[in-house]
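Undergrad: here is a sequence with its predicted model. Questions after.
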Amino acid sequence: MKPMKKGKVYLVGAGPGDPKLITVRGMEAIKKADVIVYDRLASPRLLMNAKLGTEKIFVGKLPDKHMLKQGEINQLLVDLALQGKIVTRLKGGDPCVFGRVGEEAELIAHNEIEFEIIPGITSAIGVPAYAGIPVTHRDYTSSFTIVTGHEYTNKTYSDVNWDKLANSTGTLIFLMGVANLMNIRDELIRCGKTPDLPVALIRWGTWMEQQTLTGTLETIVDQVREANFQSPAVIIVGEVVKLREKLAWFEKKPLFGKRVLVTRARNQASELVDMIDDLGGESIEFPVIQLQSPSDEAAQQALSLALEQLPEYDWVVFTSVNGVDYFFRSLTENGLDIRKLSKARIAAVGPKTADALRERGLITDLLPGKFQAEELLSAMLPELKAGQRVLLPRADIAREFLPQKLRELGLLVTEVDVYENVVCTDHGDEVLEQLRNKAVHVITFTSSSTVTNLFAALKSLGIAEPLDLLTNIEIACIGPITAQTAQSHGLQVTYIAKEATVASLIHTIVSANRD
C-alpha cells in the first residue's frame, strides 16, 4: 500500500485578541486548514473564516486547569499532519513570545513534517497600544524588556535577574503575571525601583472586555485585590504609563464594549460590519439568510412568463436591493435586456435600491421619503390608474401589503419570486458559544426574515427554546415592521432606526449609548 502523504502544520500567531490584528499570512493559513487547533486567547471570530467542514479542536489553557498538556498538544499536531491534513495551530499573540512554539516545532520537525511559523502581533506591544501606552517614547525610554510573569512550577524566578531589571530605565512588560504580582512588586522595590513608579494592568487587551487599571508599585497590589482584577492581563511598569491619560483611544470609541451579532445575508453585511468595527464595536457575522434563485419549478416558470411580458407592464416596483440583483440576473439568464422595460415606470422603496438600479442604467421615477412599503404606496397613489399592469419582482417570503393594496385600487399585479430566502447556519457552533457565554451584547435585525431565520437557525442547531438564549441581549431593528416581528417572537426591542437604513440603525445605537 502506498504510504499516506504527510500534511503540513502552520504555527500561527493570532495577535492579542482583536481579530483584525491577525496577519494576512495568518488568515490564509486559517482559510486553507483542514483542522484548526486553537487556544482561549485566539478570537473565536477568526474561526468563522475557516472553510466549511474544517475541524476545530480547543486545547486552551485556563488559569486553574489545562485541557491538554503541552506534550499532548505537540503530539496532536504531529498525529493530525501524519493523517495528511493541513493543520493550523492558532495561538494568541506571537507564538515565539512565551508561546512554546519551539517545543511544538521541534517535534514536528523530528517527524519530518513540513511546517511554517507565522508571527503575530505580541500582546506585549499590542495590548499596551490599545490602552494608550506606547512601550517606548523618546521623552521617557528607548527600550523595553518582556518578562514572563510565571515560570515552571518548580522554579521561582530563577532565571530573572531582578537587579538588572530594577536598574534598567526601560519599560518592563510582564506577561501572565497577575497571580505573581505581589512577588513582582516586592522584587522590583527590593532591587531599587521607587515605590511611586507608574504601573498599569490591562486585562483582555484589544477585546471588547478590555479593562485597564493604573497605579504605582506601592498601590497596585491592593488596587488589583479591591477590583478583583483577574487574568489574563499584561503588566506594564514604567514612566510611559503616564501617557495613558492623554493617549487612551480604544475605550473612547462610541461602541466600545459592544459585541454585535450581524444576522444579515453575507453579501449585504459588509457595510454594517465595517461601521460597527470602525466605531469600536466587535461584529460577529452570522448570516442566517442565504439567498438563491427560485428552486421551485412553478416559480421558475412564472418568472420566465413574467419576463416575456416585460414590454406590457406600466410599472415595475423594486422593494429591495436583492430584488434588483436577482431580477437582472434573471434577465441575463433568459437572454433579455433592459430595453424591454422602455414602457414601464420604475419605483424603488429606498435610496439603496435606487442606487442598485442606477448602477444598471435605470433611473427611478418614484422614490418615497420613508423607506417601507406603506410609504412607497402613498408616493405612488397620485400616479396610479385602475387597469395599469404592475410587476413586483420580490422574495418568496415578501409581505403581501403592497400587492394587496394595489389590487384593491384596481391595478393588475403580477408577483414573481426572483429569489428565495433559506435558513443558513454556517459557523453556527462559534455563534452558539458566544451566546452561551453571554458574550453578545447587541443583535441587529435588518428585515423580518432575519428575525424568523435566526430563530429557525438556532432551532436547527439544537436549541429548543431560542428565546431563552437571547434574553437580556439588546435588540436593534432597522424599522417598525422588523421590530414588530421581533416582538412577536418574544424579544424586547431596544433600538428602532428612524430610517430604514443601516446608517440610521447604527446612529440610533450610538446615540442611545452616548446619552
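TA: In hand now; what should we look at?

Undergrad: so what's the residue most central in space within the chain up against?
TA: For the chain, the residue sitting closest to the mean C-alpha position, by CA atoms, centre = their mean, is Ile284 at 2.9 Å. Neighbouring residues of Ile284 by CB atoms under 8 Å, 6 or more residues apart in numbering: 45, 48, 259-262, 431, 434, 440. (Glycine included, C-beta is placed from N, CA and C.)

Undergrad: could you list the low-pLDDT ranges of this structure?
TA: Across the chain, the stretches falling below the confidence threshold (pLDDT under 70) are 1-3, 61-67, 150-158, 267, 369-371, 515.

Undergrad: cutoff 80 now
TA: Screening the chain residue by residue with the criterion pLDDT under 80, one finds the ranges 1-4, 60-67, 149-159, 265-269, 369-373, 396-399, 514-515.

Undergrad: now do the helix or strand hosting Ala29: everything it contacts.
TA: Under the assignment given by DSSP states H and E, the secondary-structure element containing Ala29 is helix 24-32. Contacts of helix 24-32 with the rest of the structure, by CB under 8 Å, 6+ apart, involve 10, 12-15, 22, 36, 46-47, 49-51, 86, 88, 90, 116, 118, 120.

Undergrad: quick one on the thing from earlier: format the contacts of Ile284 as JSON lines; extra columns: distance to Gly215.
TA: Formatted as JSON lines, the contacts of Ile284 follow (distance: CB to CB, whole Å):
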{"residue": "Arg45", "distance to Gly215": "32"}
{"residue": "Met48", "distance to Gly215": "38"}
{"residue": "Arg259", "distance to Gly215": "28"}
{"residue": "Val260", "distance to Gly215": "33"}
{"residue": "Leu261", "distance to Gly215": "36"}
{"residue": "Val262", "distance to Gly215": "38"}
{"residue": "Val431", "distance to Gly215": "38"}
{"residue": "Gln434", "distance to Gly215": "32"}
{"residue": "Val440", "distance to Gly215": "32"}
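
Undergrad: return the member of those nearest to Ile202.
TA: Distances from Ile202 to the contacts of Ile284, taken as CB to CB, are shortest for Arg259 (18.4 Å).

Undergrad: I'd guessed the closest one sits against Met208; true?
TA: Yes. At 4.9 Å, Arg259 and Met208 qualify as touching, with contact defined as CB atoms under 8 Å.

Undergrad: now the common contact residues for these two.
TA: Listed contacts common to Arg259 and Met208 are 281-282, 439, 441; contacts here mean CB under 8 Å, 6+ apart.

Undergrad: any idea how many residues pack against Pro134?
TA: Applying other CB atoms under 10 Å, we find 16 other residues in the vicinity of Pro134.

Undergrad: dihedrals phi and psi, it?
TA: Summarising the backbone geometry of Pro134 under the convention degrees, to the nearest 10, its torsions are phi -70, psi 140.

Undergrad: hmm, Ala248 and it touching each other?
TA: No. In terms of CB under 8 Å, Pro134 does not count as a neighbour of Ala248; the distance is 11.8 Å.

Undergrad: buried stuff in stretch 208-221?
TA: 208, 210-217, 220-221 (16 or more other CB atoms under 10 Å).

Undergrad: and which of those is nearest Ala398?
TA: Proximity to Ala398 was ranked across those by CB to CB; first place goes to Met208, at 35.8 Å.

Undergrad: so what's the closest one up against?
TA: For Met208, the contacting residues are 256-259, 281-282, 439, 441, taking CB under 8 Å, 6+ apart as the criterion.

Undergrad: I'd say Ala439 and Lys258 touch.
TA: No. With contact defined as CB under 8 Å, Ala439 does not reach Lys258; the gap is 11.1 Å.

Undergrad: helix, strand, or coil at the residue nearest to the centre of the chain?
TA: The local conformation at Ile284, judged by DSSP: H, G, I helix; E, B strand; the rest coil, is strand.

Undergrad: state the distance from it to Val260.
TA: Distance of Ile284 to Val260, given as CB to CB, to the nearest Å: 7 Å.

Undergrad: next, show the common contact partners of those two.
TA: In the contact map built from CB under 8 Å, 6+ apart, the residues linked to both Ile284 and Val260 are Val440.

Undergrad: backbone dihedrals for Asp278, both of them.
TA: When quoted as degrees, to the nearest 10, the phi and psi of Asp278 stand at phi -60, psi -30.

Undergrad: for it, grab the count of nearby residues.
TA: With neighbours defined by other CB under 10 Å, the count for Asp278 comes to 12.

Undergrad: who's in contact with it?
TA: Neighbour list for Asp278: empty [criterion: CB under 8 Å, 6+ apart].

Undergrad: and it, how close does it get to Gly15?
TA: As defined by CB to CB, Asp278 lies at a distance of 18 Å from Gly15.

Undergrad: one more: Ser293?
TA: Using CB to CB, one obtains 39 Å as the distance from Ser293 to Gly15.

Undergrad: more neighbours: which of the two?
TA: Under the neighbour definition other CB under 10 Å, Ser293 and Gly15 were set side by side, and Gly15 has more, 27 against 15.

Undergrad: what's the longest strand in this protein?
TA: Ranked by residue count, the top strand of the chain under DSSP state E comes out as strand 412-423.

Undergrad: moving C-terminal of it, what's the next helix or strand?
TA: Following the chain from strand 412-423 toward its C-terminal end, the next helix or strand by DSSP H and E is helix 428-436.

Undergrad: what comes up buried for that next one?
TA: Residues 428, 430-432, 434-435 are the ones in helix 428-436 that count as buried (16+ other CB under 10 Å).

Undergrad: residues in contact with Gln492?
TA: Applying CB under 8 Å, 6+ apart, we find Gln492 in contact with Ile475.

Undergrad: measure it to Ile475 for me?
TA: Using CB to CB, one obtains 7 Å as the distance from Gln492 to Ile475.

Undergrad: with Cys424 instead?
TA: Taking CB to CB as the measure, Cys424 falls 20 Å from Ile475.

Undergrad: can you check Asn74 too?
TA: 45 Å.

Undergrad: cool, and Gly280?
TA: 20 Å.

Undergrad: of those two, who's got more company?
TA: Counting neighbours by other CB under 10 Å for Gly280 and for Ile475 shows that Ile475 has the greater number, 21 against 18.

Undergrad: and the more buried one, what element?
TA: Under the assignment given by DSSP H and E, the secondary-structure element containing Ile475 is strand 474-477.

Undergrad: give me the contact list for that strand.
TA: With contact meaning CB under 8 Å, 6+ apart, strand 474-477 is reached by 441-445, 483, 486, 491-497, 505, 508-509.

Undergrad: so what strands line up beside it?
TA: strand 442-445 (parallel), strand 493-496 (parallel) (DSSP bridges).

Undergrad: what's around Gln388, how many residues?
TA: Gln388 is surrounded by 17 other residues when neighbours are defined as other CB under 10 Å.

Undergrad: was I right about it contacting Asp314?
TA: Yes. Shown here, Gln388 and Asp314 form a contact pair, counting by CB under 8 Å, at 4.1 Å.

Undergrad: which stretches of the stretch 301-450 of the chain form helices?
TA: With helices called from DSSP state H, counting those that start in this stretch, the stretch 301-450 of the chain shows them at 321-333, 351-358, 373-380, 401-408, 428-436, 448-460.

Undergrad: by contact count, what packs against the helix or strand just after the last one?
TA: Helices and strands here follow DSSP H and E; after helix 448-460, the next one along the chain is helix 466-470. Other helices and strands packing on helix 466-470, by 3 or more CB pairs under 8 Å, 6 or more residues apart in numbering; DSSP states H and E, are helix 428-436, helix 448-460.
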